[in-house]
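Enquirer: coords please:
(one chain, ligands or ions: 1)
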Amino acid sequence: MSLVFDEYGRPFIIMREGQQEQRLKGLDAQKANIQAAKSVCNVLRTSLGPKGMDKMLSSPDGDVTISNDGATILEQMHVGHQIAKLLVDLSRSQDNEIGDGTTGVVVLAGALLEQAETLLDRGIHPMRIADGFERACTIATEMLASASDSFEYSVGDVEPLVQTAMTTLSSKIVNRVHRPMAQIAVDAVMAVADLERKDVNLDLIKVDGKVGGKLEDTALVRGIVIDKEMSHQQMAKEIVDAKMCILTCPFEPPKPKTKHKLEVEDVETYRELLETERQYFLDMVHKVKASGANLVICQWGFDDEANHLLMQHKLPAVRWVGGVELELIAIATGGRIVPRFSELTPEKLGTAGIVKEVSFGTTKDRMLVIEGCPNSRAVTIFVRGGNRMIIDEAKRSLHDAICVVRNLIRDNRIIYGGGSAEIACSLAVQAASDRVGTIEQIAMRAFADALEMVPMALAENSGLNPIEELSAAKAAQIAEGKPYLGIDCMNRGTRDMKAQGVFETLIGKQQQLSLATQVVRMILKIDDVIQPGMQ
Ligand code: ADP
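Expert: Model prediction:
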């Protein structure tokens, strides 16, 4: 039996025919688990940093995703190994809590596991390693807090927020336009933020996209965007002070529920039938008009005849609006969803400052934008791009940037990136380890070494010599006493991350350290993997 890995780094076990899979126990189990977890981490290592590579993942049904986001890559890798799944969860929890740093956390966990493996080989008990790591983690987190800077922003001066969002976006596909994208993310968060309570309800920010145009065309709409257009070409394209009725009943005469046969034998009856139908439509249009509405939003479609009548009566209408969007409109505009024409009253209408149909470039695509809604500060970021993959990745990157800005509003302390924070922590842990007289000292040193993996990976991914760069940055930090000297990934000619404006949030970095340590501790504690079918 042998444990091998496929080209995606997914571990699998090859067994000779007829051989029973052996259950691994004790040290063997720990080593096999570490191997499996490490292979996952190695996949992400090359994705770290502003010059990190992207991964192309293809799903079983042939859908292709290109991403640089750790959580997305692991999610799509369909990892089967139980231990490797823990790392997928690790990245997911970083994503849920913080929203950014999902690659970094896995790279760190991988580095810690690599160190743990060497220590296990040296005969140190797994729990002593875990304890040492935990102690080191506490020291590193404290170091981060003391090396952090808090910065002030105000509604008028959001530049620091934009700078931090730009650091997040710099490693993503959108880095060509990272300044406007960062600005959009900050504007979106500021539009919905509650600065007094220091909280942001991210549900109010909808990120939507449509293929076509360029990334530069991405825009922030202070309202709702719906992928629909007016049902008739000649209807008004812009309605100021819109009063809309939101209908879930179709614009058509009632239909008998069971099958009926209607025989029309002469022209007269046919005309009568047509006239009755027309009257029905007219009644409906009049009812809507009588309620004071100047826009119809309908969940269902309407007949050509009804459409024509609506147009004739200067009543713009939108058809086939999905249930979710209908609710969104109702909530934002303060309207009520009306299931029957007979229930339509003026107070059930929703209001909005302006509803307009916007078209994009030369394409025929049109969308409906509802702005100035009384009940909601909801905003929509509308992403444009050449193809679906770019749009999806841009949406994910914007999500990261939005989360970072939200984190800063919650806690405005920042730490410097480019591996400088990790080097500073590594030095602090190294110094503290000398004062520990037990075996944990070795584990703490190993933790310090593992922290150096992040700057090394950043340097390696930027085409620099990792060991040379790390030594130089470390020496500079010690000589100058500045914890913000890191790896100059972008070749700007300075290691000073403060000057380069590479910021990360303090809570994000602290979370990375503690989550990675926790998961490594968990993996080290497992000494037996029991699966169905094994004895
Ligand atoms: P994650 O998914 O963990 O956020 P990224 O691929 O975004 O991973 O890489 C983040 C790392 O890249 C951080 O350590 C950050 O400090 C570093 N980084 C980002 N921009 C720069 C830059 N301009 N120069 C140096 N390092 C940078």
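Enquirer: Settle this for me: M143 is touching A428, isn't it.
Expert: Yes: counting by Cβ atoms under 8 Å, M143 touches A428, with 4.0 Å between them. Yep, even glycine has a C-beta here, placed from its N, CA and C like the rest.
Enquirer: In the record's domain split, what are the boundaries for the protein?
Expert: Listed by automatic domain parsing, the domain ranges of the chain are 2-150+415-525, 152-222+372-411, 229-362.
Enquirer: Taking the stretch 251-400 of the chain, what residue is nearest to the ligand?
Expert: Per Cβ to the nearest ligand atom, D400 is where the stretch 251-400 of the chain lies closest to the ligand, at 6.7 Å.
Enquirer: In contact with the nearest residue to that residue once chain neighbours are set aside, which residues?
Expert: Counting by Cβ to Cβ, 6 or more residues apart in numbering, D100 is the residue found nearest to D400 once chain neighbours are left out, at 4.5 Å. By Cβ atoms under 8 Å, 6 or more residues apart in numbering, the contact set of D100 is T168, D400, A401, C403, V404, N407, E504, T505, G508.
Enquirer: List the buried residues for the helix or strand where the fifth one lies?
Expert: Counting by DSSP states H and E, the element that carries V404 is helix 388-410. For helix 388-410, burial by neighbour count (16 or more other Cβ atoms under 10 Å) applies to 389-409.
Enquirer: Counting by contacts, list what that helix packs against.
Expert: strand 64-67, helix 159-169, helix 178-192, strand 199-200, strand 205-211, strand 379-385, strand 503-505, helix 506-525 (3 or more Cβ pairs under 8 Å, 6 or more residues apart in numbering; DSSP states H and E).
Enquirer: Tell me which of these is the most buried.
Expert: Mean neighbours per residue, mean count of other Cβ atoms under 10 Å, is largest over those for strand 503-505, with a mean of 27.
Enquirer: what are the pairing partners of that strand, and which direction each?
Expert: strand 413-416 (antiparallel) (DSSP bridges).
Enquirer: What mean pLDDT does the next helix or strand after the partner strand get?
Expert: Counting by DSSP H and E, the next helix or strand C-terminal to strand 413-416 is helix 420-433. For helix 420-433, the mean per-residue pLDDT is 92.
Enquirer: show me what contacts the residue of the stretch 351-500 of the chain found nearest the ligand?
Expert: Closest contact between the stretch 351-500 of the chain and the ligand, by Cβ to the nearest ligand atom, is at G417 (2.2 Å). Residues near G417 by Cβ under 8 Å, 6+ apart: T167, G486, M497, V502, F503, E504.
Enquirer: hmm, what's the outermost residue in the chain?
Expert: Residue farthest from the centre of the chain, counting by Cα atoms, centre = their mean, is D266 at 63.9 Å.
Enquirer: so Y484 makes contact with M497?
Expert: Yes: using Cβ under 8 Å, Y484 is in contact with M497, at 4.8 Å.
Enquirer: got any residues that touch both of those two?
Expert: Here Y484 and M497 have Y416, S420 as joint contacts, going by Cβ under 8 Å, 6+ apart.
Enquirer: Give me the more crowded residue out of these two.
Expert: Taking other Cβ atoms under 10 Å, Y484 and M497 do not tie; M497 has more neighbours (27 against 24).
Enquirer: Would you confirm that the more buried one contacts I415?
Expert: No: in this structure M497 lies outside contact range of I415 using Cβ under 8 Å: 9.4 Å.
Enquirer: Quickly list what's touching both of the two.
Expert: Here M497 and I415 share the contacting residues F503, scored by Cβ under 8 Å, 6+ apart.
Enquirer: In a markdown table: the helices and strands packed on helix 388-410, plus distance to K55 and mean pLDDT.
Expert: Shown next, in a markdown table, are the helices and strands packed on helix 388-410 (distance: least, Cβ to Cβ, whole Å; pLDDT from 0 to 100):
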| stretch | distance to K55 | mean pLDDT |
| --- | --- | --- |
| strand 64-67 | 6 | 86 |
| helix 159-169 | 18 | 84 |
| helix 178-192 | 20 | 89 |
| strand 199-200 | 30 | 84 |
| strand 205-211 | 20 | 85 |
| strand 379-385 | 19 | 87 |
| strand 503-505 | 22 | 85 |
| helix 506-525 | 20 | 90 |
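Enquirer: okay, these in TSV with distance to W300 next?
Expert: Listed next are those as TSV, based on distance: least, Cβ to Cβ, whole Å:
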stretch	distance to W300
strand 64-67	35
helix 159-169	41
helix 178-192	32
strand 199-200	36
strand 205-211	23
strand 379-385	24
strand 503-505	47
helix 506-525	46
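Enquirer: what's the closest of those to Q441?
Expert: helix 506-525 (16.8 Å; Cβ to Cβ).
Enquirer: Tell me what angle the closest one forms with helix 420-433.
Expert: Going by axes from the mean of the first three to the mean of the last three Cα atoms, to 10 degrees, helix 506-525 is angled at 60 degrees with respect to helix 420-433.
Enquirer: From the contact counts, what lies against helix 506-525?
Expert: Helices and strands touching helix 506-525, by 3+ Cβ pairs under 8 Å, 6+ apart, are helix 26-45, helix 82-97, helix 102-121, helix 126-147, helix 388-410, strand 413-416.
Enquirer: quick one: the first one to helix 82-97, angle?
Expert: The reference is to helix 26-45. If you take the same axes, to 10 degrees, helix 26-45 sits at 50 degrees to helix 82-97.
Enquirer: can you check the longest one too?
Expert: Calculated by the same axes, to 10 degrees, helix 388-410 forms an angle of 60 degrees with helix 82-97.
Enquirer: do the fourth one as well
Expert: Compare the direction of helix 126-147 with that of helix 82-97 by the same axes, to 10 degrees and you get 20 degrees.
Enquirer: what comes into contact with helix 126-147?
Expert: Residues contacting helix 126-147 (Cβ under 8 Å, 6+ apart): 30, 112, 116, 119-120, 413, 415-416, 421, 424-426, 428-429, 432-433, 436, 439-444, 446-448, 451, 483-484, 506, 509-510, 513-514, 517, 520-521, 524-525, 527.
Enquirer: ok, back up a step: what pLDDT is listed against the residue farthest from the centre of the chain?
Expert: The predicted local confidence for D266 is 90.
Enquirer: now G335
Expert: Note for G335: predicted pLDDT of 90.
Enquirer: E21 too?
Expert: At E21, the pLDDT value in this model is 56.
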